[in-house]
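S.K.: Build me a structure from this.
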Amino acid sequence: MPLCNDTIKERDIHFAITDSDQAVRAMQLLTGVPGIDSMKVTKGSNLHIRYDVQALTLQMIESALCEVGFELDNGVLLRLKRAVYSYCEDALRASLGVEQQNADKPSLTLTSDMSHDPRPDDWRNYV
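M.R.: Here you go, the predicted structure:
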């Protein structure tokens, strides 16, 4: 079966090396999110994730993680991979009619007590 037609995707989320336990905390935060089948930490700062593209996309997951304070590795090759994955997943969802069905639903939103960010509340807005 061609990879572009498979609705179950396996991807790696690469975190910035500024904080070595981001992958572990992200895995804890994403546990129980509908559409995510499995996760495991690999190579220290990477999170290997298996999810159903009918429920969510890699872009949704990474955007939600960034919104709650996680830092992703933004190397050129990784940005290129993200763009290709985003295009393929969006095209697959459109061909399956997922975007039309979920147009009124919000994207993935993660709630966190921000305990992973050691800075005081007032410093988070400035730094």
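S.K.: alpha carbons only for contacts and neighbour counts from here, please
M.R.: Fine.
S.K.: Give me the below-cutoff pLDDT ranges for the protein.
M.R.: For the chain, applying pLDDT under 70 flags the ranges 1-5, 99-127.
S.K.: Show me which helix runs longest in it.
M.R.: helix 76-96 (DSSP state H).
S.K.: The chain: strands as residue ranges?
M.R.: Secondary structure of the chain, counting by DSSP state E: strands at 8-14, 36-42, 46-52.
S.K.: Any chance of CSV for these, columns mean neighbour count?
M.R.: As requested, the strands of the chain are exported to CSV (neighbours: other CA atoms under 10 Å):
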stretch, mean neighbour count
strand 8-14, 18
strand 36-42, 17
strand 46-52, 20
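S.K.: Distance-wise, check the nearest residue to residue 49 once chain neighbours are set aside relative to residue 10.
M.R.: Leaving aside its chain neighbours, residue 49 sits nearest to residue 39 (4.4 Å; criterion: CA to CA, 6 or more residues apart in numbering). Distance of residue 39 to residue 10, given as CA to CA, to the nearest Å: 9 Å.
S.K.: Kindly report the same for residue 79.
M.R.: For residue 79, the distance to residue 10 equals 17 Å [CA to CA].
S.K.: Also residue 34?
M.R.: From residue 34 to residue 10 the distance is 15 Å (CA to CA).
S.K.: what's stretch 6-18 in contact with?
M.R.: 22-23, 45-54, 58, 62, 70-74, 92 (CA atoms under 8 Å, 6 or more residues apart in numbering).
S.K.: Before I go, just wanted to say thanks for your time.
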